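**Student:** structural data only, the sequence is not supplied:
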């Protein structure tokens, strides 16, 4: 699916091997980096630096990641070329799709919130209950 979108937006390749290398490197780099860009807004939310993990920061991170990856791979692989305008459009589309997919995710708990204190208390209680039943 991404190939067709990129091809429509101006991705040109001279060989099938270069195209395969492009997508293998893209996936190899995109998966771990997207884990970081997904976790960063949640971490900032949980420590109280930002109010929501669903605002503009995740869109900027997702869009920026896609753009940087495409431009980097364009520069590294000689037989692949894409215009920077095509890379921007592709990045914006994937960023908006990513935002739509993440809308239903729950917000992480803030460190000092009452909800987190209740969860910790419940975990302590459960742990103490397990200790007392294992002694018998």
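**Tutor:** Great, that's in hand. Quantities reported herein were computed from a predicted structural model and do not represent experimental measurements.

**Student:** going forward, measure contacts between C-alpha atoms and count neighbours the same way
**Tutor:** Will do.

**Student:** those strands in this structure, which residues are they?
**Tutor:** For the chain, applying DSSP state E gives strands covering 12-13, 80-81.

**Student:** which of those is buried the deepest?
**Tutor:** strand 80-81 (a mean of 18; mean count of other CA atoms under 10 Å).

**Student:** and that one, which strands flank it?
**Tutor:** strand 12-13 (antiparallel) (DSSP bridges).

**Student:** show me what the partner strand is in contact with.
**Tutor:** 19, 79, 80, 81, 82 (CA atoms under 8 Å, 6 or more residues apart in numbering).

**Student:** hmm, try it at 6 Å
**Tutor:** 79, 80, 81 (CA atoms under 6 Å, 6 or more residues apart in numbering).

**Student:** and for stretch 29-43?
**Tutor:** So stretch 29-43 is in contact with 53, 61, going by CA under 6 Å, 6+ apart.

**Student:** repeat that for stretch 57-74.
**Tutor:** 37, 80, 81, 87, 91, 92, 95.

**Student:** can you lay out the residues you listed as TSV showing pLDDT and distance to residue 66?
**Tutor:** Compiled in TSV, the contacts of stretch 57-74 are given as follows (pLDDT from 0 to 100; distance: CA to CA, whole Å):
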residue	pLDDT	distance to residue 66
37	92	11
80	90	16
81	90	15
87	90	8
91	92	5
92	93	9
95	89	8
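
**Student:** show me which of those is closest to residue 6.
**Tutor:** residue 87 (7.9 Å; CA to CA).
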